[in-house]
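Asks: Sequence plus the predicted model coming up.
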Amino acid sequence: MLAQQRQAAILDRVRASGGVRVSELATEYGVSDMTIRRDLEALADRGLLEKVHGGATTVTPGSAHEPGFAAKSERQRTEKAAMAMRAAALVSPGDAIALSAGTTTAGLAQRLVDVPELTVVTNSIPVADIFYRAGRPDQTVVLTGGTRTPSDALVGPVAVAAIGTLHLDMLFLGVHGMSERAGYTTPNLMEAEVNRALVEAAERLVVLADHTKWGTVGISSIVPLDAADVLITDDGLDAAARDLLAEQVAELIVVTAP
C-alpha cells in the first residue's frame, strides 16, 4: 500500500471511530510504529486530524470525507443553478465536452440536453442518466465505466483508460474544494486521478465551484488554480478570494444567485 493510500485509509478510520491508536494501525497495515507516526504527522500538518499521545483523533469533517450525491444536492442549490446557467452559455452545437462527477455538473447537464449534436463524456452516473433520459438521437453520451464512489462517480483504471484516448473541446469540472496552496481538490484519491485524465483530454478547463468551496481542502489535489481557463463561482465569495483567483485563472466569472 502506498503512503497516500494508507493515509487515506487512516483518515477513514478516524472519521468512522473518532480516533485511532498507533499500535493498532501499525499491526493492521504491517508497518512500523514510526511509519504510522509519520503518516499521522503528515495528516496533522495538513489539518486533517489531531495528533494525541499514542494516536490521533478527528477534527472538523476531514478532507477524505465524501458526502453522498443526495446530500450534496441540497447544498447551495440557487448558487449552483446560476453557475450552471452561465456555464451552459459556453457550449455550442457539435461540441465534444466532458462533465466530471458532482451535483453542480449534474445541474449543468440538465441545461445541455437540448443542445444539438453534442458529444458528452462523463464518469458520473447521474449526469449520464440525465442525457439518457432525454433520449436525443443526435447526442452521443459516453459513460467511462469504472468503480462507483459514494458520490456516484466512476473511478479507477477502467475510467482512466477510457478517457486516455479522447480529445475533447472542453471539460466542466466540479470540485470539492479550492485553495491557494492545494489548488482544486477532491476527497477521493481515485477520483482525482480520473479528473486529471479528463483535464489532459480537454483543450479548455472550466471549473465550477461555489463560494463554500474556497478554503476547503480535499485529500488529493487535481490541478493548481492557474490550470483553469475559466472559473465560475458565485457572489458569496469574499473580495480577497476574488482578487487572488482573478490573478490565477485566465477568466473569473462571478454569478449572482437569485
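Replies: Yep, it's here.
Asks: Helices along the chain, start to end?
Replies: For the chain, helices defined by DSSP state H occupy the ranges 3-17, 22-29, 33-45, 69-73, 77-88, 103-112, 125-134, 157-164, 189-201, 239-248.
Asks: Would you map the strands across the stretch 151-258 of the chain?
Replies: Counting by DSSP state E, counting those that start in this stretch, one finds strands in the stretch 151-258 of the chain at the ranges 154-155, 168-174, 177-179, 183-186, 202-208, 220-223, 230-234, 251-255.
Asks: Just the pLDDT for residue 159.
Replies: Residue 159 carries a pLDDT value of 96.
Asks: mind checking how far the nearest residue to it once chain neighbours are set aside is from residue 128?
Replies: Residue nearest to residue 159 in three dimensions, not counting chain neighbours: residue 146, with 3.4 Å by CB to CB, 6 or more residues apart in numbering. From N, CA and C alone the C-beta is placed, and that goes for glycine too. In this structure, residue 146 lies at 12 Å from residue 128, with CB to CB, to the nearest Å as the measure.
Asks: Look up how far residue 140 lies from residue 31.
Replies: Between residue 31 and residue 140 the computed distance is 47 Å (CB to CB).
Asks: So these two - more neighbours on which side?
Replies: Relative neighbour count places residue 31 above the other of residue 31 and residue 140, with 16 against 13, counting by other CB atoms under 10 Å.
Asks: how far away is the closest residue to that one other than its chain neighbours from residue 189?
Replies: Computed as CB to CB, 6+ apart, the closest residue to residue 31 that is not its neighbour in sequence is residue 6, at 7.6 Å. According to CB to CB, residue 6 and residue 189 sit 11 Å apart.
Asks: I'd say residue 55 and residue 14 touch.
Replies: No - using CB atoms under 8 Å, residue 55 is not in contact with residue 14; the gap is 9.1 Å.
Asks: Compare neighbour counts for the two and give me the winner.
Replies: Between residue 55 and residue 14, counted using other CB under 10 Å, the more crowded position is residue 14 (24 against 19).
Asks: thinking again about what came up before, so what's in contact with residue 55 and residue 14 at the same time?
Replies: Each of residue 20 lies in contact with both residue 55 and residue 14 under the rule CB atoms under 8 Å, 6 or more residues apart in numbering.
Asks: For residue 1, which residues are in contact?
Replies: When contacts are counted by CB under 8 Å, 6+ apart, residue 1 is found next to 9, 29.
Asks: ok, now with 7 Å
Replies: By CB atoms under 7 Å, 6 or more residues apart in numbering, the residues touching residue 1 are residue 29.
Asks: From residue 189, how far off is it?
Replies: Using CB to CB, residue 1 is found at 12 Å from residue 189.
Asks: Need the residues that contact stretch 122-138.
Replies: Against stretch 122-138 from outside (CB under 7 Å, 6+ apart): 69, 98-101, 105-106, 109-110, 113, 116-117, 120, 139, 141, 143-144, 146, 152-155, 159, 194.
Asks: buried sites along that stretch?
Replies: Applying a neighbour-count criterion of 16 or more other CB atoms under 10 Å, one finds 122, 123, 124, 125, 126, 127, 128, 129, 130, 131 buried in stretch 122-138.
Asks: any chance of those residues in JSON lines, plus distance to residue 46?
Replies: As requested, these are exported to JSON lines (distance: CB to CB, whole Å):
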{"residue": "122", "distance to residue 46": "30"}
{"residue": "123", "distance to residue 46": "26"}
{"residue": "124", "distance to residue 46": "27"}
{"residue": "125", "distance to residue 46": "30"}
{"residue": "126", "distance to residue 46": "30"}
{"residue": "127", "distance to residue 46": "30"}
{"residue": "128", "distance to residue 46": "33"}
{"residue": "129", "distance to residue 46": "35"}
{"residue": "130", "distance to residue 46": "35"}
{"residue": "131", "distance to residue 46": "37"}
